[in-house]
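S.K.: sequence unknown, structure follows:
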């Protein structure tokens with residue numbers, strides 16, 4: 001068994017880019033591009049259960065939320081977002097609210113099975129290029 005203890009990993013070609021050999025030793029994955037740059041687990045209001053790279057949230061009304069990033073994305077459209085609604089009522093969805101998006105903000109709307117805006121706890125992660 002081996003242990004490596006480091007505080008910083010730096011690529012030899014590009015400082016922020018490290019290729020990792022994938023399954024079967026036939027492909028590589030860029031470590032930096034594969035990491036979630038921000039994630040949150042939040043209440044039906046905007047309080048955090050836990051988070052990474054988010055500093056605060058705003059409740060814009062029923063089911064309408066936005067969260068400020070500690071470190072912003074390069075552009076407001078330069079990231080992807082995935083999420084899940086945590087509720088006992090099935091059929092709820094979470095979608096990206098592009099009308100509230102900004103480079104330093106992640107926005108979302110939650111709806112119930114009937115398609116009506118609803119307050120619910122949520123889990124969201126985002127991937128993309130930070131500024």
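M.R.: On my side now, so go ahead. Remember, it's a predicted structure, so these values are computed and weren't measured experimentally. Numbering: from 1, shown residues only.
S.K.: Need the phi and psi values for the closest residue to residue 100 other than its chain neighbours.
M.R.: Excluding its sequence neighbours, the residue lying closest to residue 100 (Cβ to Cβ, 6 or more residues apart in numbering) is residue 107, at 3.5 Å. For the C-beta atoms, the positions are set from N, CA and C on the backbone; glycine is no exception. The phi/psi pair for residue 107 (degrees, to the nearest 10) reads phi -120, psi 150.
S.K.: Quick check: residue 107 touching residue 94?
M.R.: No: proximity of residue 107 to residue 94 does not meet the contact threshold set by Cβ atoms under 8 Å, at 10.9 Å.
S.K.: just to revisit the earlier point, so what pairs up with the residue nearest to residue 100 in the strands?
M.R.: Taking DSSP bridges as the rule, residue 107 bridges to residue 66.
S.K.: Point out where this protein drops to low pLDDT.
M.R.: Scanning the chain for pLDDT under 70 picks out 14-16, 29-31, 33-34.
S.K.: could you pull out the helices for it?
M.R.: Counting by DSSP state H, the chain has helices at residues 31-34.
S.K.: show me where it has strands.
M.R.: Here the chain has its strands, by DSSP state E, at 19-21, 28-30, 38-42, 48-52, 54-61, 64-69, 79-86, 93-96, 105-111, 121-128.
S.K.: which ones are touching residue 83?
M.R.: 94, 108, 122-125 (Cβ atoms under 8 Å, 6 or more residues apart in numbering).
S.K.: oh, I was asking about residue 41
M.R.: By Cβ under 8 Å, 6+ apart, the residues touching residue 41 are 48-51, 86, 121-123.
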